[in-house]
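S.K.: okay, sequence plus prediction incoming.
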Amino acid sequence: MAKDLDLITIGRSSVDLYGAQVGGRLEDMRSFEKYVGGSPTNMATGTARLGLRSALLTKVGDEHMGRFLREELVKEGVDVTGVLTDPERLTALVLLGIRDEDQFPLIFYRENCADMALSAQDVDEGFISRARAVVATGTHLSNPRTEAAVLKALELARKHGAQTALDIDFRPNLWGLSGHGDGENRFIASAAVTEKLQSTLHLFDLIVGTEEEFHIAGGTTDTVAALRAVRAVSGATLVCKRGADGAVAFTGAIPDRLDEGQSGPGFPIEVFNVLGAGDGFMSGLLKGWLDGVDWPTSLKYANACGAFAVSRHGCTPAYPSWEELQFFLQRGVVEKALRNDTALEQIHWSTTRKRDWDDLRVFAFDHRMQMEEMDGATPDRIGAFKELCLRAAVAQAAGRPGHGILCDGRLGARALYAAAGQGLWVGRPVEWPGSRPLRLEPQVGEDAGGLKEWPGEHVVKCLCFPHPDDDDAMWADQIATITRVFQSCRRNGLEFLLEVIPSKVGPVDDKTTPDVIQRVYDAGIYPDWWKLEPFRSEAAWAASCDAIERNDKRTRGIVVLGLDAPEDELRESFALAVRFPLVKGFAVGRTIFGDVARDWFADRIDDDSAVARMTENYARLCDVWAQARARTMEAAQ
Ligand SMILES: Nc1ncnc2c1ncn2[C@@H]1O[C@H](COP(=O)(O)OP(=O)(O)OP(=O)(O)O)[C@@H](O)[C@H]1O
Ligand SMILES: O=C(O)C[C@@H](O)[C@H](O)C(=O)CO
């Protein structure tokens, strides 16, 4: 059978609840970030980011945390065929924090957890046969049921010509050697654990561990002696991690000194968070190993990925994309705290964004001022009308990808909350309607700190009216506000859409918007999305796209806005806009809801007919867009 997977990792999966504050006790943490966790799950994610076709074999609970893990893995491009749901047990949780450079207090909530219910029955031959390699970690050898699952996977891997790897990943607590408060302990000698590990080491082609992990596998705290003990029972390539000193690989006999093994360059970075370095390291190593490059090169990838992990918050969030890794290897370390390296962070952010939105049709009903001005509109009725808008959006989307809404959290909160989890792209405004200089909604706050309360799927939309002719004070004021919003977006892991409409405040020509765009980038602001007005000339589109691509090759792209234009006009502007590949879609509001809203607020029509008319209007625009796109594609062929 053709191998359509590079690797399957097998074992632990958890939600890591990572203390958001740094340098305190776990007792003093005020809040926790939520990340995908557990060594094999981290490796599946880390390798997928590096471009390998990865899959995970594990079990999660039939609840929100289990769904979170599965959804995140899908977004990362990990094959989740083997992520099974246990109907009875809970997904494992881990609470952890960064105490200082060396200590990371950690509590495992893994009593009878879902992944420990993985059994031999769950290991499907067809699934395993798809992979070029199977990667296990030590924890699942600690219990007879999970051990049987791992052994079966390894046996099937052999049968189907796959390679096998082990990350010893010794957690004494998970072998019952220490108590709940001792989760961070990395070494307690145990003859029973050594014996168990030694009974399986012959099954692997590659064995990876820290010095302490080889101590437990080899049954001695003398590292060279331990490696020799492992070599006595296994012909695998042994890779020994040495923290800041990098790592060494041994393909044959173990020499007298560790330095005599093969090694790759290490990276002088600032230590921030040592936890999870091993899984980052293993991801880089697997990439090299499975790509068939030599050990020094594989170790270079591995050390670099380990360095990323050590220098950033969290485990999985820290791991680099392939593009990012290549950039780093070529350019080297310029800022030892990698999380403060602006160029690297921008590449990290823009190459690890989740979900593709290459064709986006957005129904925008985040209008506040315009609805408030309508006869018969009250805050409550506006809220109710926005719920009807959402019904229309959902009806047109019908579960298909590529549809979205723009809805606000002040008047439209009920619709906004109801939109969660429906597969829609959800944009949400921060600007105080019509403000110039730009001011923000009170819920968001002038420091943009309120974004902390926004769910991860919300895209932060900010509408601003800048113009090249504005005086310095106006520019400085508006750029300062956009900067606060942008920085808060990044801090909170939210995508940022910047909408600029210079035509509302001054004369425009083909250079006006490109000028504005350049000034935004000059201020160090990198929007994920641009929302631009429908230009009438090809030259204006070309110059705007050029201004974006010149500054940011990895932007999500542009959505074109409607400005209450009649449908015929939109048809024309879409036809021009779609010719530019950076234009990914439209975001149109009043053309869809304007007349309907006036009729509904005046009680001339009921809810159902409002929904029906808006669905129809939205559907028609989607068709216009689709046809324009299809014509462009045909012409390009
Ligand atoms: N201080 C550091 N400076 C640079 N690179 C480092 C540093 N610490 C770790 N690394 C890189 O990360 C790799 C793994 O680190 P380490 O030996 O701490 O793994 P580990 O203990 O398995 O981690 P984990 O917390 O995931 O179990 C090292 O081999 C090295 O490549
Ligand atoms: O298992 C741990 O040590 C904590 C995990 O939650 C973390 O994601 C990890 O696996 C680091 O190796």
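M.R.: Thanks, I have it. Numbers count the residues shown, from 1 in each chain. Ligands and ions are numbered 1, 2, ... in the order given.
S.K.: from now on I want contacts and neighbour counts done on CA atoms only, so please keep to that.
M.R.: Noted.
S.K.: what's the burial count for the residue of the stretch 1-150 of the chain found nearest ligand 1?
M.R.: Going by CA to the nearest ligand atom, ligand 1 is nearest to Ser39 of the stretch 1-150 of the chain, at 7.4 Å. By the criterion of other CA atoms under 10 Å, Ser39 has 28 neighbours.
S.K.: got the contact list for it?
M.R.: 11-13, 137, 169, 276, 279 (CA atoms under 8 Å, 6 or more residues apart in numbering).
S.K.: one more time with 7 Å, if that's ok
M.R.: For Ser39, the contacting residues are 12, 279, by CA atoms under 7 Å, 6 or more residues apart in numbering.
S.K.: cool, Cys622 as well?
M.R.: Arg361.
S.K.: chain center to the helix or strand where it lies: distance?
M.R.: Secondary-structure assignment from DSSP states H and E places Cys622 in helix 607-636. Chain-centre distance of helix 607-636: 30 Å, with CA atoms, centre = their mean, to the nearest Å.
S.K.: and if you look at stretch 541-560?
M.R.: On CA atoms, centre = their mean, the centre of stretch 541-560 falls 22 Å from that of its chain.
S.K.: do stretch 335-345 as well
M.R.: 18 Å.
S.K.: do stretch 534-543 as well
M.R.: 33 Å.
S.K.: now do that stretch: distance from first to last residue.
M.R.: Taking CA to CA, to the nearest Å, stretch 534-543 runs 13 Å from one end to the other.
S.K.: can you give me the buried ones in it?
M.R.: Residues 534-535, 540-543 are the ones in stretch 534-543 that count as buried (16 or more other CA atoms under 10 Å).
S.K.: any regions of the stretch 501-637 of the chain where pLDDT drops low?
M.R.: Across the stretch 501-637 of the chain, nothing is flagged by pLDDT under 70.
S.K.: how many neighbours does the residue lying closest to Thr632 once chain neighbours are set aside have?
M.R.: Leaving out its chain neighbours, the residue that sits closest to Thr632 by CA to CA, 6 or more residues apart in numbering is Arg579, at 6.0 Å. With neighbours defined by other CA under 10 Å, the count for Arg579 comes to 19.
S.K.: mind checking what secondary structure Arg579 has?
M.R.: Secondary structure for Arg579, judged by DSSP: H, G, I helix; E, B strand; the rest coil, is coil.
S.K.: just the buried positions in the helix holding Cys622, please.
M.R.: Quick answer for helix 607-636 (16+ other CA under 10 Å): 610-619, 621-622, 624-626, 628-629, 632.
S.K.: domain map for the protein?
M.R.: 7-351, 360-636 (automatic domain parsing).
S.K.: out of those, deepest packed?
M.R.: Most buried of the domains of the chain, by mean neighbour count (mean count of other CA atoms under 10 Å): domain 7-351, with a mean of 21.
S.K.: start to end distance for it?
M.R.: OK, domain 7-351 end separation, CA to CA: 22 Å.
S.K.: average pLDDT for that domain?
M.R.: For domain 7-351, mean pLDDT is 97.
S.K.: ok, it near ligand 2 or not?
M.R.: Yes: using CA under 6 Å from any ligand atom, domain 7-351 reaches ligand 2 at 16, 37-39, 94, 275-276, 279, 315.
S.K.: quick check: the farthest pair among these?
M.R.: Pairwise distances across these (CA to CA) peak at 15.7 Å, for the pair Val94 and Asp279.
S.K.: show me what residue of the stretch 201-350 of the chain gets nearest to ligand 2.
M.R.: Gly276 (3.9 Å).
S.K.: quick one: that residue from Ala307, how far?
M.R.: 10 Å.
S.K.: do Gly218 as well
M.R.: 27 Å.
S.K.: also Leu582?
M.R.: From Leu582 to Ala307 the distance is 34 Å (CA to CA).
S.K.: one more: Asn551?
M.R.: For Asn551 relative to Ala307 (CA to CA), the value is 28 Å.
S.K.: also Gly524?
M.R.: Taking CA to CA, one finds Gly524 at 26 Å from Ala307.
S.K.: ditto for Thr91
M.R.: From Thr91 to Ala307 the distance is 29 Å (CA to CA).
S.K.: same deal with Tyr319?
M.R.: On the measure of CA to CA, Tyr319 and Ala307 end up 9 Å apart.
S.K.: same question, Ile207
M.R.: 20 Å.
S.K.: again with Thr555
M.R.: For Thr555, the distance to Ala307 - CA to CA - is 26 Å.
S.K.: how about Val426?
M.R.: 35 Å.
S.K.: now Asp408
M.R.: 40 Å.
S.K.: swap in Asp124?
M.R.: 36 Å.
S.K.: do Asp182 as well
M.R.: 25 Å.
S.K.: swap in Phe574?
M.R.: 46 Å.
S.K.: quick check: closest non-adjacent residue to the closest residue to ligand 2 within the stretch 451-600 of the chain.
M.R.: Taking CA to the nearest ligand atom, ligand 2 has its nearest neighbour within the stretch 451-600 of the chain at Gly493, 18.9 Å off. If the residues on either side of it in the chain are set aside, Gly493 comes closest to Gly456, at 6.9 Å by CA to CA, 6+ apart.
S.K.: let me know the secondary structure of that neighbour.
M.R.: Per three-state DSSP, Gly456 ends up coil.
S.K.: look up phi and psi at it.
M.R.: phi -60, psi -30 (degrees, to the nearest 10).
S.K.: re earlier: tell me the SS of the residue of the stretch 451-600 of the chain closest to ligand 2?
M.R.: coil.
S.K.: just the one 5 residues further on next, same as before
M.R.: Applying three-state DSSP to Leu498 yields a three-state assignment of strand.
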